[in-house]
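Trainee: with the sequence up front, the predicted model follows.
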Amino acid sequence: MKSTVHHIKVRTALGVIAVLFFSLFFSACFLFRGVTTNGEGRIGPSPEDVRTLERAQDAFRRVAGEVVPVVVSINVNDISGGENPWDFFFQDPEKDQGKPKERDYERYGMGSGIIVDKKDGFYYILTNYHVIRGGKQIQVVLSDEREYVAAVVGIDERIDMAVVSIKTDADLPVAHLGDSDTLKVGDWVIAVGNPYGWQSSVTSGIVSYLGRRLDRNANLSNVSDFIQTDAGINPGNSGGALVNVHGEVIGVNTWITSPTGGSIGIGFAIPINNAKKLVHDLVIAGKVQYGWLGVSIYQMITSDAEKELGIYKRKGAFVNYVIKDTPAWRGGILPGDFITSVNGTRIADANHFVQVVSELNPGVPLTFNVIRLGKEKTLSFALGYRPAESAISSMSDISWPGFVSLPLSGPVREKYKIPTGEKGVVVFYVEQGTPAFTAGFHAGDIVKRINVYEIHNLMDFYGALNDATADTLEISVKRGGGDETIVLDR
C-alpha cells in the first residue's frame, strides 16, 4: 500500500512539473511571439515591442519631470504634546491603532506638500493638517534643495488638510490640478513625495478603489472619501501628490494601512476635488467658508426602526435632531426626517450626507428630498455659513429634542427588561446639554404619550413630537415601574 501511494505521489509530482513546464513554455511563446535574434544569437523583444515600452517609459519620464518640481518636502519641529505625522500615517483601521500618541518633548516630523497657487509673491502649498499640526517652525525644501520657512495660511481639521505659504521672488512651478471625479478603477497613477526623507521619490500603480470610506477608525474624518491605490506610499509621502498620466494632481496622499510599518500596496489619497474649495477660500477669501445646515445626523441602528418609519433598506441620512434658529430649522427639516437627496445628489448614508453638505456653498437655494412619516416631501432653502467649531459645540441647549428613540423590538426589550405587553417607544440615547437632557430624560424611559397622542410606535412618536400646533409637550414616560410626566418647551 505504501509503495502504491509513493508511486501516486511521484506521478502527481511529475504531472505538476509537466503542467508548470508547458505553462511557462506557452507563456513565453505568447510574450515573445514577435521575438527576433540579434547578431549574438540571443533572443529579445521585437523592435515594435521595444518602441511600445519606450513610449510608456517616456510617458512616465514626462510626468515625473513635470510633477517632481511642484512637490516639496515639509519638515516640522517642536510638535510637543501632539501627534507625530508618522504615527498618524501608519494606522491600521482593523486594529484601531490611529489614536494620537502624546509626547512631552521636542521632536521632528516630516511630510510632503504640493505647490498649488501663486499670488502677490507668495506661493501656496497644500498638505495634510496632521503633517504640520503642533509645529513651531515649518521648513519647506524644494526639489532642488532650496529652503524656505513657511507660514500657516489656514487649516481644515475635518478633512485633514492645510495650506502653508512661502514668499520668494523666484519663479517656481505650480501644479496642475485635475478632476478627481473623472477617475476610474484601473487608471494609472503616480505618487510623488518624500518617503522616509528620500526627497522627490516617484512610485507608480493604479487606482484600486474609489470612494473608500475609512470611518472604521475614529481618528479619520468622515467628511472626505478616499482614493485607494497600490502605488508605493510610505512615511513622508503624506501630503504629497497622486497624479494621473497627464501629470495632473488628482489626489493628496494621506494615509496607509500597514501591519509592517511600510507600504503593502494599500494607500489612500484625498481626492483633489475635495481640497479645491479649501485652497480657493484660503487664497482668495482668507478663510474657509463651508455651508451650515444645523442638524444632527444619525445612522439608524435597527431594521425595526427603519420598517416602522417606512425607510427599510432605503439609502439616506436620518435626522436625529435639529438645532433651533438654523437654516434647517427655518427651512422646515424635522427630527425623524430621512434625507434621500440634496440638490439631485442621492445620499448613500450619514457620512456621505455630511460630505455632500460640506461641499455646498452657503446662500445658494437647495432642494432636499425627505421621507417624513413614510411619505416623500421636498423642501427648498439655502445653507448658512458654518460657525466655528467651538460655537457649534455650545449649541446643545438649543438642539431639539436631543434624544433618540427606538421601537420596542426583542433586543431592546431584553436590554431594558421591558415586559412583552408594554407599548410605546424607548429612549435609547440622550445628548448631554440638550432640552431632553435638562428636562430629565434617561435612557430606558418608555414614552407612552405625548400631549393627547398615545405612542405605540415611531410613527406615532415623531408625529406627536413634530405637532406644529403645540408649543409645549407633556410627555408621559414609564421609568422603573412608575409613571412620570416630563415637560418640553419647543
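Mentor: Perfect, thanks for sending it. Numbers count the residues shown, from 1 in each chain.
Trainee: quick one, what contacts the closest residue to residue 246 other than its chain neighbours?
Mentor: In space, residue 246 comes closest to residue 178 once its chain neighbours are excluded; the distance is 6.9 Å by CB to CB, 6 or more residues apart in numbering. In this view, the C-beta of every residue, glycine as well, is placed from N, C-alpha and C. The contact partners of residue 178, by CB atoms under 8 Å, 6 or more residues apart in numbering, come to 243, 244, 246, 248, 249, 250, 272.
Trainee: got CSV for these, with neighbour count, secondary structure and distance to residue 475 too?
Mentor: Output for those, formatted as CSV (neighbours: other CB atoms under 10 Å; DSSP: H, G, I helix; E, B strand; the rest coil; distance: CB to CB, whole Å):
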residue, neighbour count, secondary structure, distance to residue 475
243, 31, strand, 57
244, 21, coil, 57
246, 12, coil, 61
248, 19, coil, 57
249, 25, strand, 54
250, 24, strand, 52
272, 27, coil, 49
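Trainee: turn the residues you listed into JSON lines, columns for distance to residue 460 and pLDDT.
Mentor: Below are the contacts of residue 178 laid out as JSON lines (distance: CB to CB, whole Å; pLDDT from 0 to 100):
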{"residue": "243", "distance to residue 460": "56", "pLDDT": "94"}
{"residue": "244", "distance to residue 460": "54", "pLDDT": "93"}
{"residue": "246", "distance to residue 460": "58", "pLDDT": "91"}
{"residue": "248", "distance to residue 460": "55", "pLDDT": "93"}
{"residue": "249", "distance to residue 460": "53", "pLDDT": "95"}
{"residue": "250", "distance to residue 460": "50", "pLDDT": "92"}
{"residue": "272", "distance to residue 460": "48", "pLDDT": "93"}
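Trainee: grab the two from these that are most spread out in space.
Mentor: 246 and 272 (12.8 Å; CB to CB).
Trainee: mind checking the SS state of residue 269?
Mentor: strand (DSSP: H, G, I helix; E, B strand; the rest coil).
Trainee: so what sits opposite it in the bridge?
Mentor: For residue 269, the beta-bridge partners under DSSP bridges are residue 227, residue 253.
Trainee: burial of it, as a residue count?
Mentor: Using other CB atoms under 10 Å, residue 269 is surrounded by 28 other residues.
Trainee: where in this structure is pLDDT low?
Mentor: 1-43, 78-108, 214-224, 255-264, 300-301 (pLDDT under 70).
Trainee: could you report the distance from residue 273 to residue 426?
Mentor: Residue 273 is 42 Å from residue 426, where distance means CB to CB, to the nearest Å.
Trainee: just to revisit the earlier point, of the contacts of residue 178, closest to residue 358?
Mentor: Nearest to residue 358 among the contacts of residue 178 is residue 272, at 15.5 Å by CB to CB.
Trainee: residues contacting the closest one?
Mentor: 177, 178, 179, 180, 249, 250, 251, 252.
Trainee: quick one, what contacts the closest residue to it other than its chain neighbours?
Mentor: Take residue 272 and drop its neighbours on the chain: the residue closest to it by CB to CB, 6+ apart is residue 180, 4.9 Å away. Listed by CB under 8 Å, 6+ apart, the contact partners of residue 180 are 227, 250, 251, 271, 272, 273, 274.
Trainee: pull the distance from stretch 117-133 to the chain's centre.
Mentor: Stretch 117-133 sits 21 Å away from the centroid of its parent chain (CA atoms, centre = their mean, to the nearest Å).
Trainee: can you give me the end-to-end span of it?
Mentor: Stretch 117-133 has an end-to-end distance of 22 Å (CA to CA, to the nearest Å).
Trainee: stretch 155-171 too?
Mentor: From its first residue to its last, stretch 155-171 covers 26 Å (CA to CA).
Trainee: now swap in stretch 310-325 and tell me
Mentor: Rule used - CA to CA; the end-to-end distance of stretch 310-325 is 28 Å.
Trainee: just give me the closest of the contacts of residue 178 to residue 464.
Mentor: For these, the residue nearest residue 464 by CB to CB is residue 272; the value is 47.4 Å.
Trainee: ramachandran coordinates for the nearest residue to residue 398 once chain neighbours are set aside?
Mentor: Nearest non-adjacent residue to residue 398, counting by CB to CB, 6+ apart: residue 324, 4.2 Å away. With angles defined as degrees, to the nearest 10, residue 324 sits at phi -70, psi 150.
Trainee: and residue 324, what does it touch?
Mentor: Neighbour list for residue 324: 398, 399, 400 [criterion: CB under 8 Å, 6+ apart].
Trainee: hang on, the first one packs against residue 323?
Mentor: Pointing back at residue 398 there. Yes. Residue 398 is within contact range of residue 323, at 5.8 Å (criterion: CB atoms under 8 Å).
Trainee: the more surrounded of the two?
Mentor: A count of neighbours by other CB under 10 Å puts residue 323 above the other of residue 398 and residue 323, at 22 against 17.
Trainee: I'd say that one and residue 402 touch.
Mentor: No. If you go by CB under 8 Å, residue 323 and residue 402 don't touch, sitting 10.0 Å apart.
Trainee: bridged to residue 162, which residues?
Mentor: Per DSSP bridges, the residues bridged to residue 162 are residue 127, residue 155.
Trainee: what distance do you get for it to residue 335?
Mentor: According to CB to CB, residue 162 and residue 335 sit 35 Å apart.
Trainee: more neighbours: the two, which one.
Mentor: For residue 162 and residue 335, the more surrounded residue by other CB under 10 Å is residue 162, and the numbers stand at 27 against 23.
Trainee: isn't the more buried one right next to residue 154, touching?
Mentor: Yes. Residue 162 lies in contact with residue 154 (CB under 8 Å); the separation is 7.1 Å.
Trainee: what is the end-to-end distance of stretch 63-76?
Mentor: 28 Å.
Trainee: list the buried residues for it?
Mentor: By 16 or more other CB atoms under 10 Å, the buried positions in stretch 63-76 come out as 63-64, 66-76.
Trainee: output the residues you listed in a markdown table; the columns should cover secondary structure and distance to residue 122.
Mentor: Below are these laid out as a markdown table (DSSP: H, G, I helix; E, B strand; the rest coil; distance: CB to CB, whole Å):
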| residue | secondary structure | distance to residue 122 |
| --- | --- | --- |
| 63 | helix | 27 |
| 64 | helix | 27 |
| 66 | helix | 22 |
| 67 | helix | 21 |
| 68 | helix | 22 |
| 69 | helix | 18 |
| 70 | helix | 15 |
| 71 | strand | 18 |
| 72 | strand | 14 |
| 73 | strand | 19 |
| 74 | strand | 16 |
| 75 | strand | 20 |
| 76 | strand | 19 |
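Trainee: cool, thanks, talk later.
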